[in-house]
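> Fold the following and give me the result.
(chains A and B)
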Amino acid sequence: MKRLFPILTIITAILLAYALYQALVIAPTDALQGDVYRIIYYHVPSAWTAFLLFFINFAASITYLIRRNPKADILALVSAEVGVVFCTVVLVTGPIWARPVWGIWWAPGDIRLTSTLVLWLIYVSYLVLRRFSTSAQTQVLAAALAVFGALDVPLVYFSIWFFRTQHPQPVIGGGGSMDPRMLHVLLISWLAWLCFAFLVCWSRYRLEVLHRQVEEAHALASLAGPEGARAQPSLPLNRSSR
Amino acid sequence: MSAIKFLYAAYVATWVIHAGYLGSLVGRFRRLRQQLKELGKK
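As a prediction, this is how the structure comes out:
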């Protein structure tokens, strides 16, 4: 496992560089928007990755509620946190793209934009709850919140199918059409960002395990006095918020 | 601001967000390793 991480890091770096080259150089220029449309190669893969991570958070939260498995709880926390990072990218790159194309940074009341912002706020609330709650039931409460929060994901995704919005139609299915060369670059870009997300989640998972070990060591040290401080924790604790 | 600047702004913003998050992870790793060391010394 220790060897796999640097190998995956190198592969991901190469993929990201290749995707960037494809996005900026190889992909054809859009006839209507010009070069600014190339924001799609960061905006859309980030949105898909965020949706996937929120789905993982949903599945892990359900697993935790049923089995009380600490690993599922860590996975839920990690996927929510990394998902929020990708969702932040979506919310930042979207308005930067909208300004030259629509003439406005944000379309107030637009269902796609508003539901994405609400989705981001739900998962930020989830992280705030986990970070600051001192209740023994924090993980159960967070898992319940995650289950309800996940309901917003299909609303965000399908909002452009069922409602009139400023946002364009989906690039795959749903009546949208895209040049196959652009689609090819988009999928390469998504693959690169998926690899990146996997690596970040892996690092964050290890960080959380380490955090729980430190908490357990602190608890042992305070219980057993000076000698107890030398005791090494064996398993991650259930209680954690970071 | 020309359209191409918006493209670069979006790409730079994406990398800044990810770099900021990765930086925060590295900082947290360091703090935890330090805490583990201190606990081992006690």
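> For the rest of this, base every contact and every neighbour count on C-alpha atoms.
OK.
> which intervals of chain A have sub-threshold pLDDT?
Within chain A, the stretches with pLDDT under 70 are A:169-176, A:225-242.
> Please enumerate the helices of it.
Secondary structure of chain A (DSSP state H): helices located at A:4-21, A:40-67, A:70-102, A:111-132, A:138-149, A:152-162, A:180-224.
> Establish whether the fourth one and chain B are in contact.
No: applying C-alpha under 8 Å from any C-alpha of the partner chain, one finds helix A:111-132 out of contact with chain B, separated by at least 13.9 Å.
> for that helix, packing partners?
Applying 3 or more C-alpha pairs under 8 Å, 6 or more residues apart in numbering or on different chains; DSSP states H and E, one finds that helix A:111-132 contacts helix A:70-102, helix A:138-149, helix A:152-162.
> repeat that for 6 Å
Contact here means 3 or more C-alpha pairs under 6 Å, 6 or more residues apart in numbering or on different chains; DSSP states H and E; on that basis helix A:111-132 packs against helix A:152-162.
> how about the CA coordinates for the helix it packs on, as CSV?
Output of helix A:152-162 as CSV, limited to C-alpha atoms (Å, rounded to 0.1, in the frame of the first residue of the first chain):
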residue,chain,number,x,y,z
ASP,A,152,-30.9,17.3,-2.9
VAL,A,153,-28.4,15.6,-5.3
PRO,A,154,-31.1,14.3,-7.7
LEU,A,155,-32.9,17.6,-7.5
VAL,A,156,-29.7,19.4,-8.6
TYR,A,157,-29.1,16.9,-11.4
PHE,A,158,-32.6,16.7,-12.8
SER,A,159,-33.5,20.3,-12.3
ILE,A,160,-32.4,21.3,-15.8
TRP,A,161,-34.6,18.5,-17.2
PHE,A,162,-37.8,19.4,-15.4
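> before we move on, back to that, tabulate the helices of chain A (a markdown table), appending mean neighbour count.
Formatted as a markdown table, the helices of chain A follow (neighbours: other C-alpha atoms under 10 Å in any protein chain shown):
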| stretch | mean neighbour count |
| --- | --- |
| helix A:4-21 | 15 |
| helix A:40-67 | 22 |
| helix A:70-102 | 23 |
| helix A:111-132 | 18 |
| helix A:138-149 | 20 |
| helix A:152-162 | 16 |
| helix A:180-224 | 19 |
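> Around chain A, which positions in chain B sit nearby?
Proximity of chain B to chain A (C-alpha under 6 Å from any C-alpha of the partner chain) is limited to residues B:3, B:4, B:6, B:7, B:10, B:14, B:39, B:40.
> so what's the fifth one up against?
If I follow you right, that is residue B:10. Shown in contact with residue B:10 (C-alpha atoms under 6 Å, 6 or more residues apart in numbering or on different chains): residue A:93.
> before we move on, back to that, filter the residues of chain B next to chain A down to the ones in helices?
Among the residues of chain B next to chain A, DSSP H puts B:3, B:4, B:6, B:7, B:10, B:14, B:39, B:40 in helices.
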